[in-house]
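K.L.:
Here you go, sequence then predicted model.
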Amino acid sequence: MRARIQPEQFETWFRRAALLSADGGEVVLAVQNSFAASWLQSYYHEVLEQAVRTTLGHRADVRIEVDPELTFDLAPAPSAPDVAALQDGVDCVAPAQGPRDTTSTEGLRQGGGTGLLWNSDVVLNPKYTFDNFVVGPCNRLAHAASMGAGEAPGKAYNPFFLHGSVGLGKTHLLQSTCFSVLERWPETRILYLSCETFVNHFINALQDGDLAEFRNKYRNVDVLVVDDIHMLANKERTQEEFFHTFNTLYNAGKQIVLSSDSPPRDIPTLQERLVSRFKMGMVAEIELPCYETRTAIVKRKSRERGVPLSDEIAGMIAERIETNVRELEGAVTRLIGFATLTCQEITPDLARDALRDLFVVQRGQPTMDDIVRLVTEQFDVRVVDLQSKSRAASIVLPRQIAMYLARKVTRQSLGEIGGFFGGRDHSTVIYAVEKIGKLIESDHAVADIVEEHLSRLTGNRR
């Protein structure tokens, strides 16, 4: 394929694809999302068939599958002279434009006037790409807007203002945006720094009388990324300088990306003219991840470490860490490290031992795991049974009781409760709650079980 398409096209579409099989008359490729599959089918199907015919010596059908969890090591890209030699005398096909889903770090030449500039105070983490970001209802808008800013800097969403609590993925999306820009245009000059650094540079420039140099550094870039912009609060002179820097870059069509713990209107003492400018582009919030998203994050992080966790264990961790993605990742690292050092298989009991501080629940704060433990012991069923699609009476009743208890004693939403029990929707939970409520009135055995469990969950808990 390298001999038939342009280098940047190969980097974009084929270094993130995997060959699954080449048996008989069919060759099967895998890509990570349906967009890539559709693009390859539309623009590269013919050249793929030509490459297959050349390689195998006979014609074969090419089929493209989607595997969202596709993981593999990226081989180093060939040097420019090698690619040029391969392309000598060969016609290139397909447009070079279009959204990309790669994680290549080429072009990140810090210093030398291009790429991520030396005076940036971060180094891009190759793990912080769009492909490695777990998308859920809580962050879908922020993810899509970040991709838009990376695909059309200075045009699609400018400025792009991202806000949310600590540890929810703002840094991941900021760096993914930088990767996306540099993958398309390696010569882009990106200045990525914290607001604190901007403030300190400005103070030093005032003290040294080097405002001209300061302005030249900040206003001669293609993309300006400033993290924690809320640090401008109560700094009137710095806000004045940032206002003029913002205007200069915006009027020149340069991309501005900002992140904050709070939306523009909630940053104290921020000048109204800055608030209005921050809001005139795209303002997107990363919300607290729901149970399903937290579980997906735990499973993704464990796969990245080569030790996939079961649904049960991933759910246990996700149940206890509700507000911080970094803590989820830390729990996964700790659990896997504990199992490795003690040479033990990762089981629910081992998880409780390794993460014992997470499993200490204060009085009056019952969790889904507490509920499931009581119900499974009472009815002699397994967690996987409650989460299965089984409609057997021996499974349905305990599942409905568990849903009823979850609704009564936890802060989980209907959607989160349904998601925990096998991905069911909120209407199923509503039906279960109503059904058990009626049984409590008509069936003394069910009433006694529910009452006992409610007492254990909210009273003298183990």
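P.N.:
All right, it came through fine.
K.L.:
M147 against F130, yeah?
P.N.:
Yes. Using C-beta atoms under 8 Å, M147 is in contact with F130, at 6.0 Å. C-beta: built from backbone N, CA, C; applies to glycine.
K.L.:
intersection of neighbour lists for these two?
P.N.:
S176, S180 (C-beta atoms under 8 Å, 6 or more residues apart in numbering).
K.L.:
mind listing the helices in the stretch 1-150 of the chain by residue range?
P.N.:
For the stretch 1-150 of the chain, the helices defined by DSSP state H, counting those that start in this stretch occupy 7-13, 34-43, 45-56, 80-87, 140-151.
K.L.:
Flag every buried residue along the last one.
P.N.:
Same thing as helix 140-151. By 16 or more other C-beta atoms under 10 Å, the buried positions in helix 140-151 come out as A142, H143, A145, S146, M147, G148, A149, G150, E151.
K.L.:
And the pLDDT for the nearest residue to G437 once chain neighbours are set aside?
P.N.:
Among residues not flanking G437 along the chain, Y404 sits closest, at 7.3 Å (C-beta to C-beta, 6 or more residues apart in numbering). Note for Y404: predicted pLDDT of 94.
K.L.:
Could you give the separation of the host helix or strand of Y404 from the chain centroid?
P.N.:
Using DSSP states H and E, Y404 falls within helix 393-409. Mean-position distance between helix 393-409 and its chain equals 32 Å (C-alpha atoms, centre = their mean, to the nearest Å).
K.L.:
Start the count at 31 instead of 1 going forward.
P.N.:
I'll keep to 31 as the first residue from here, and by that count the last item is helix 423-439.
K.L.:
in this protein, which spans are strands?
P.N.:
Under the criterion DSSP state E, strands of the chain are mapped to 48-53, 56-61, 91-96, 145-146, 190-194, 219-224, 253-257, 285-290, 312-316.
K.L.:
List the contacts of the last one.
P.N.:
When you say that, I think you mean strand 312-316. For strand 312-316, contacts defined as C-beta under 8 Å, 6+ apart pick out 168-169, 171-172, 175-176, 178-179, 186-195, 198-200, 203, 293-294.
K.L.:
Can you pull the domain assignment for this structure?
P.N.:
37-117, 145-316, 321-384, 398-488 (automatic domain parsing).
K.L.:
Identify whichever of these lies nearest to M31.
P.N.:
Closest approach to M31 among the domains of the chain is made by domain 37-117 (5.2 Å; C-beta to C-beta).
K.L.:
Count the neighbours of the spatially closest residue to K185 that is not a sequence neighbour for me.
P.N.:
Closest residue to K185 apart from its sequence neighbours, by C-beta to C-beta, 6+ apart: G283 at 7.6 Å. Neighbours of G283 under the rule other C-beta atoms under 10 Å: 11.
K.L.:
G283 contacts G184, correct?
P.N.:
Yes. G283 lies in contact with G184 (C-beta under 8 Å); the separation is 4.4 Å.
K.L.:
List phi and psi for F163.
P.N.:
phi -100, psi 120 (degrees, to the nearest 10).
K.L.:
got the contact list for it?
P.N.:
So F163 contacts N169, H173, G199, H202, L203, S206 (C-beta under 8 Å, 6+ apart).
K.L.:
what do you get for H193?
P.N.:
Listed by C-beta under 8 Å, 6+ apart, the contact partners of H193 are K200, S289, S290, D291, S292, P293, V313, A314, E315, I316.
K.L.:
so what's it closest to, chain neighbours aside?
P.N.:
Nearest non-adjacent residue to H193, counting by C-beta to C-beta, 6+ apart: S290, 4.6 Å away.
K.L.:
Does L365 touch A384 like I think?
P.N.:
Yes. Applying C-beta under 8 Å, one finds L365 in contact with A384, separated by 4.9 Å.
K.L.:
Between these two, which is the more surrounded one?
P.N.:
Comparing L365 with A384 by other C-beta under 10 Å, the one with more neighbours is L365, at 25 against 21.
K.L.:
Let's test this: name the helix or strand in the protein with the lowest mean pLDDT.
P.N.:
Across the helices and strands of the chain, mean confidence by mean pLDDT, DSSP states H and E is lowest for helix 110-117: a mean of 34.
K.L.:
Check the gap between the spatially most central residue of the chain and L221 for me.
P.N.:
Centroid-nearest residue in the chain: F163, 2.4 Å away (criterion: C-alpha atoms, centre = their mean). As judged by C-beta to C-beta, to the nearest Å, F163 and L221 stand 23 Å apart.
K.L.:
Can you report how many residues neighbour V57?
P.N.:
Using other C-beta under 10 Å, the number of residues around V57 comes to 21.
K.L.:
no, scratch that, I was asking about F228
P.N.:
Using other C-beta under 10 Å, F228 has 26 neighbouring residues.
K.L.:
Verify the contact between it and V255 for me.
P.N.:
No. Look at F228 against V255 with C-beta under 8 Å: they stay out of range, at 11.0 Å.
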